[in-house]
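S.K.: Coordinates only, no sequence provided:
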């Protein structure tokens, strides 16, 4: 059984200077993202990990490859599917689909953008994969994923309601450490970077 998980967000990507619903758009790392991934690689030179998993999206695969460790791709760790809102600026969505935008704010767990998925569905997909990995593998695991993916894992482990999911900060190239205690078998969390 896995006893420690390092949950990492991929490096920076170019969103054209606007906040966007990037979702599953397959955007590569930009120059800053490559530099952040190199800094992550330096951090993980002194941290032993037994198994590495990554989202299949290019920004995560690039980050993982720069870490220089063998890895396995886990489809379930893709970012939330934003459907018709994919890669659209948030302000544009707010202006042209204001009713849906407001509905999302009221019910982040269940709201689904057209042709997309809800945070509830994302959570189920991700947690099923996470639970399987921590049962099947041993030792220390590194997962390179996305802000949404990391947030649903941390939200579940910390018992945070969905309405507060965005209070879980997940900056580009952040490192979250989860340690399973032997006595009560619950996860203890700390943010490293």
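M.R.: Right, received. Where do you want to start? Please read all numbers here as calculations on a predicted model, not as lab measurements. Numbering: from 1, shown residues only.

S.K.: Just want to check the distance between the residue most central in space within the chain and residue 174.
M.R.: Computing the C-alpha centroid of the chain and ranking residues by CA atoms, centre = their mean puts residue 146 first, at 2.6 Å. Noted for residue 146: a distance of 11 Å to residue 174, by CB to CB, to the nearest Å. C-beta here means a position set from N, CA and C on the backbone, and glycine is covered the same way.

S.K.: intersection of neighbour lists for the two?
M.R.: Listed contacts common to residue 146 and residue 174 are residue 9; contacts here mean CB atoms under 8 Å, 6 or more residues apart in numbering.

S.K.: re the thing from before, who's in contact with the residue nearest to the centre of the chain?
M.R.: When the contact criterion is CB under 8 Å, 6+ apart, the partners of residue 146 are 9-10, 55, 57, 60, 77-80.

S.K.: how about TSV for those, with neighbour count and pLDDT added?
M.R.: Converted to TSV, these look like this (neighbours: other CB atoms under 10 Å; pLDDT from 0 to 100):
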residue	neighbour count	pLDDT
9	27	98
10	30	98
55	25	98
57	24	98
60	29	98
77	24	98
78	22	98
79	23	98
80	26	98
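
S.K.: quick one: which of those is nearest to residue 191?
M.R.: Relative to residue 191, the closest of the contacts of residue 146 is residue 9; by CB to CB it sits at 11.1 Å.

S.K.: which other residues reach the helix or strand bottoming out on mean pLDDT in the chain?
M.R.: Comparing every helix and strand of the chain by mean pLDDT, DSSP states H and E singles out strand 187-191 as the least confident one, with a mean of 73. Contact with strand 187-191 is made by 5, 154, 157-158, 169, 174-181, as judged by CB under 8 Å, 6+ apart.

S.K.: redo that, cut-off 6 Å
M.R.: Outside strand 187-191, the residues that touch it by CB atoms under 6 Å, 6 or more residues apart in numbering are 157, 176-181.

S.K.: ok, which pair from those residues is furthest apart?
M.R.: Largest pairwise distance in these, by CB to CB, is 16.3 Å, between 176 and 181.

S.K.: Find the helix or strand that residue 120 is a member of.
M.R.: For residue 120, the host element (DSSP states H and E) is helix 119-136.

S.K.: how big is the angle separating that helix from strand 187-191?
M.R.: Computed with axes from the mean of the first three to the mean of the last three CA atoms, to 10 degrees, the direction of helix 119-136 lies at 110 degrees from that of strand 187-191.
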